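> Okay, structure incoming, though there's no sequence with it:
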């Protein structure tokens, strides 16, 4: 390998590492602003909500990133906090934000008919 090739490989590796570190740093900075939870949507036959139980601190402003990794649309509703997303298409991400201003256990559910076992697509938000 010539000297120019070695330098090119080193620069390529350096550029890759710096890019990855930059993305991770920006995402960490964004998430520091709010209490952030990631929620994955899949039809009940393929996994349901993941996780099905989310715990957040009382009084905090909460952001939930909802990723639809399924091949069908889903919806999201957290009625006790008046939070809803009418439709999250396959492959999309929706973001909901609210203040967890009451303690207890609150149901969340899918609001778009997604599969034969759609009525099982439920989870719980626990505010402590």
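Yes, it's here. For clarity, every value in this text was computed on a predicted model and none was experimentally measured.
> could you give the mean pLDDT of the helix or strand hosting residue 64?
Assigned by DSSP states H and E, residue 64 belongs to strand 61-68. For strand 61-68, the mean pLDDT works out to 91.
> distance between it and the chain's centre?
Chain-centre distance of strand 61-68: 5 Å, with C-alpha atoms, centre = their mean, to the nearest Å.
> swap in stretch 13-27?
Relative to its chain's centre, stretch 13-27 lies at 21 Å (C-alpha atoms, centre = their mean).
> ok, now stretch 95-108?
15 Å.
> What of stretch 67-74?
On C-alpha atoms, centre = their mean, the centre of stretch 67-74 falls 12 Å from the chain's centre.
> my read: residue 80 touches residue 102, true?
Yes - contact criterion C-beta atoms under 8 Å: residue 80 and residue 102 qualify, at 7.4 Å. From N, CA and C alone the C-beta is placed, and that goes for glycine too.
> Please name the nearest non-neighbouring residue to residue 118.
Once flanking residues are discounted, residue 118 sits nearest to residue 110: 6.4 Å by C-beta to C-beta, 6 or more residues apart in numbering.
> what are the phi and psi values for that neighbour?
phi -80, psi 140 (degrees, to the nearest 10).
> ok, it touching residue 121?
Yes - counting by C-beta under 8 Å, residue 121 is a contact partner of residue 110 at 3.9 Å.
> Run a quick neighbour tally on residue 124.
15 (other C-beta atoms under 10 Å).
> no, scratch that, I was asking about residue 54
So residue 54, with other C-beta under 10 Å, has 19 neighbours.
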